[in-house]
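Enquirer: Please work out how this folds:
(2 chains)
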There are 2 protein chains.
Amino acid sequence: MNTSPATDRETPVLKVGLLGAGTVGSQVARVLLNHAHELALRSGVCLELSGVAVRNPQAPRDTELPAQLLTTDADAVIDAADVVVELTGGIEPTRTRVLRALNAGKSVITGNKALLAEHGRELHDAAAASGAQLSYEAAVAGAIPIVRPMRDSLAGDRVNRFLGIMNGTTNFILDQMDTTGAAFDDALAQAQELGYAEADPTADVEGHDAAAKAAVLASLAFHSTYTIADVHCVGITGITAQDVAAAREAGYVIKLLSVGERCGDGVNLRVNPVMIPRDHVLAGVHGAYNAVFVEAANAGSLMFYGQGAGGHPTASAVLGDLVSAARAIALGAQGIPLDAYAALPAVSMDDATTRLSITVAVTDRLGALAQLAQVFADHGVSISTMLQIEDPDAPGMSQLRLVTHSGRHASLMATVAALRELDVVRDIVSVTPVEAGE
Amino acid sequence: MNTSPATDRETPVLKVGLLGAGTVGSQVARVLLNHAHELALRSGVCLELSGVAVRNPQAPRDTELPAQLLTTDADAVIDAADVVVELTGGIEPTRTRVLRALNAGKSVITGNKALLAEHGRELHDAAAASGAQLSYEAAVAGAIPIVRPMRDSLAGDRVNRFLGIMNGTTNFILDQMDTTGAAFDDALAQAQELGYAEADPTADVEGHDAAAKAAVLASLAFHSTYTIADVHCVGITGITAQDVAAAREAGYVIKLLSVGERCGDGVNLRVNPVMIPRDHVLAGVHGAYNAVFVEAANAGSLMFYGQGAGGHPTASAVLGDLVSAARAIALGAQGIPLDAYAALPAVSMDDATTRLSITVAVTDRLGALAQLAQVFADHGVSISTMLQIEDPDAPGMSQLRLVTHSGRHASLMATVAALRELDVVRDIVSVTPVEAGE
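Expert: All right, here's what the predicted structure looks like:
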């Protein structure tokens, strides 16, 4: 760090190298260029944008950047910088570049959930070895401060569970389906029209994006290292308007939740569409908003709510990390190493504890319940509520909607498989986990 | 700092001196004594409870503490400690003791909102001079991480406004009134029975507790220094069952909000009972829960939700601060000084921008509206909505419920005063600000 001759006292100058100038990157650059004085007063350091690595310096972008800052040479930007902000995404060559910075003792701010969910341990180890800081508030739930609260504010507590709505695209789609009765395809088309979903929505609707965030957040919450491979992941493409309507009728709403939960001596991580009671605070998270609900031994229930994506919100998270990193550098601190001391193993979905809502179409409404009840009893699964309704697809016939008590997931699924074999069962209409209800 | 011979590697030992062993203090002591190993793995430091200053060492307390740690000599506890946790409350002798610790370069963790709201600047200056850390997550909204997110996560953003439900007692009372139709006195009695309100509820129901928290949070949000004297404060003792019912009928709920808001070149701080739309996320904060809603230029709308009081939740916040302070000390960092560079002046209530819901009992339903509308026009105040209803207190007579657009508070109040002078006006039934609605 040099000192700046432009300020009264000798304010240290921190050179910020930016990798990527897309939606988020150009917002970050704009604030660094236009609000330098304010950021200096807050951080005690002059944050000087020293270079911006982009694929095409001639491409049009949201914010006009000085031409002399733009280059295609990412390594040169890293080498000239004191702090690196990585907003390019993807695994390679990003991983190599981030390691280059960390190995040289340069703190890195990134919003790259995919990279962290696969190589988080390696990056943290590199940061710890050189004393650099690795910050990634933007990687989980966009603008919502959740990484820092999880790492610092809850550092003296014991997190038992988190339930997160961590993907705005899928929350928008499910919210549309719930409020307007739309089919999945129509809600997705609307999300694409409004810019909430990409042309190829796979990463969002299949739950991959939410799963990466779950792995990153769980590593902090449970003081262990998880990758995306540890997350059981089911998307929302199978959710029908009928499922949504049936849930609504029963007092529930369907949300794609990222769940991290202590389970025996380990932790189960899952992303799947679930039913949550309409009076739960998470049910009030509408549109493309995100929220993370946390249950801790001492703090009790906490919820963090806000925008999970978008250029401005994500830039806010990146800049918060940048100012914090700059303050820490100015105060002579090294980065906080990731503590993964607990090393709680990932528990498979079979061994997880879940509850299921099961809708069964039956042929004989009089005899069916006794036979179904016997199957549940045989599997040691107990029924919490049962409702008999007219089958909307077969007038004169019945459906039974059952919600189980909590049980081992494999036992619950074995029960469903056995139900399917019964003569009185015409169809298993739906099987949806229930969360936040017991 | 010494090093501990008990651990494999040379883990530094940090002596923690505790002032106060009440509900929160004894929880903090319990965790320090029973979970020392886990805290050491998280913080990289052995946190050793070195002394506990109490008024009466023989008094019974929630957690059994080793007799040799207890003393009435607070100064001795401070002098023997590396870090001081202050949980005694009150202004003096607490202020002198906290300064004694900070002046000696010892980091302090406190939950004392009253002390911070009066002497925050002095304490921060002392901390900055010696390089000590001053942490107080527990002082605002109990277990909810809001101090750290405001200071760090939003450090690169611009906070425009916060709306906080920061007092659990009053939220419980108002929520009871809303859900059961109870009168204020009955709801208060119930809160006292359940332990949510103290025998002398003045500090809660008059808004003083919420005002102290507003001053502390606003200082961080707006990079300035505010004291409780800067907060316009109105309690909830004047709220009647009729007010609550009328708000409900109009689609609102009454909440005691702590508001900090940019206003011209300054900041207006106010605590008062207001009407908020029932579909706003803050309306879903029930019982003794707290929440802080934040509007920032880039992040957009954020909300932080959780338990605002109680031994366990508050201890969680204190321990989060303690582990973070220990990590920073282990990593060689000084405390983050309070940046009050913006020095935005407190704007008086007269100059604040507000909206009012005004209910007027009129004698002549035909002629009244024209005369009222003229008074509004004369004061340059525009009416957003108007509803005429049967006067519940005078059958055959009418009430007019008006909600204004935003305006200068003094003009709105002058309008109300002028309405009172009209012959057609029998009574001004209620005047309640409306928040979060435009």
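Enquirer: Spatially nearest residue to the closest residue to chain B within the stretch 251-400 of chain A, not counting backbone neighbours?
Expert: Relative to chain B, the nearest point of the stretch 251-400 of chain A is A:L319 (2.3 Å; C-beta to the nearest C-beta). The C-beta positions use only the backbone N, C-alpha and C, and glycine is treated the same way. Nearest residue to A:L319, sequence neighbours excluded (C-beta to C-beta, 6 or more residues apart in numbering or on different chains): B:G156, at 2.3 Å.
Enquirer: can you count the residues close to that neighbour?
Expert: Residues lying near B:G156 (other C-beta atoms under 10 Å in any protein chain shown) number 29.
Enquirer: residues contacting it?
Expert: For B:G156, the contact set (C-beta atoms under 8 Å, 6 or more residues apart in numbering or on different chains) comprises A:31, A:39, A:42, A:315-316, A:318-323, B:298.
Enquirer: let's go with 7 Å and repeat that
Expert: A:31, A:39, A:316, A:319-320, A:322-323 (C-beta atoms under 7 Å, 6 or more residues apart in numbering or on different chains).
Enquirer: Repeat that for A:M166.
Expert: So A:M166 contacts A:140-141, A:210, A:213-214, A:258, A:290, A:292, A:308 (C-beta under 7 Å, 6+ apart).
Enquirer: Nearest to A:Q371 among the residues you listed?
Expert: Distance ranking of the contacts of A:M166 against A:Q371, using C-beta to C-beta, places A:S258 first at 36.7 Å.
Enquirer: How far off centre is the helix ranked longest in chain A?
Expert: Longest among the helix segments of chain A by residue count, using DSSP state H, is helix A:311-330. Relative to the centre of its chain, helix A:311-330 is centred 19 Å away, using C-alpha atoms, centre = their mean, to the nearest Å.
Enquirer: ok, now stretch A:29-44?
Expert: 29 Å.
Enquirer: List, one by one, the residues from the stretch 1-150 of chain A near chain B.
Expert: A:31, A:39, A:41-42, A:137, A:143-145, A:148-149 (C-beta under 7 Å from any C-beta of the partner chain).
Enquirer: Quick one, which of the residues you listed are buried?
Expert: A:31, A:39, A:42, A:137, A:143-145, A:148-149 (16 or more other C-beta atoms under 10 Å in any protein chain shown).
Enquirer: Just the ones of those residues in helices?
Expert: Those of these lying in helices (DSSP H): A:31, A:39, A:42, A:148.
Enquirer: what's next to stretch A:175-190, contact-wise?
Expert: Contacts of stretch A:175-190 (C-beta under 7 Å, 6+ apart): A:173, A:197, A:201, A:205, A:237, A:239-241, A:244-245, A:248, A:253, A:286-287.
Enquirer: Next secondary structure element downstream of the worst-scoring helix or strand of chain A on mean pLDDT?
Expert: Within chain A, no helix or strand scores below strand A:2-3, which has a mean of 44 by mean pLDDT, DSSP states H and E. Per DSSP states H and E, the first helix or strand lying C-terminal to strand A:2-3 is strand A:12-19.
Enquirer: Contacts made by that next one with the rest, please.
Expert: A:1-4, A:25, A:28-29, A:32, A:45-53, A:74, A:77-78, A:80-88, A:97, A:322, A:326, A:329-330.
Enquirer: And the buried ones among the residues you listed, selectable in PyMOL?
Expert: The PyMOL command for the buried members of those (criterion: 16+ other C-beta under 10 Å) is given here:
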select buried, chain A and resi 4+25+28+29+32+45+46+47+48+49+50+51+52+53+74+77+78+81+82+83+84+85+86+87+88+97+322+326+329+330
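Enquirer: which SS state does A:S430 fall under?
Expert: strand (DSSP: H, G, I helix; E, B strand; the rest coil).
Enquirer: Tally up the residues packed near it, please.
Expert: Around A:S430 there are 20 residues (other C-beta under 10 Å).
Enquirer: Please apply the same query to A:S382.
Expert: Applying other C-beta under 10 Å, we find 11 other residues in the vicinity of A:S382.
Enquirer: re earlier: any chance of CSV for the residues of the stretch 1-150 of chain A next to chain B, columns pLDDT and distance to B:M386?
Expert: Shown next, in CSV, are the residues of the stretch 1-150 of chain A next to chain B (pLDDT from 0 to 100; distance: C-beta to C-beta, whole Å):
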residue, pLDDT, distance to B:M386
A:V31, 94, 43
A:L39, 91, 47
A:L41, 88, 47
A:R42, 87, 45
A:E137, 95, 46
A:A143, 88, 38
A:I144, 94, 39
A:P145, 94, 41
A:R148, 91, 46
A:P149, 93, 44
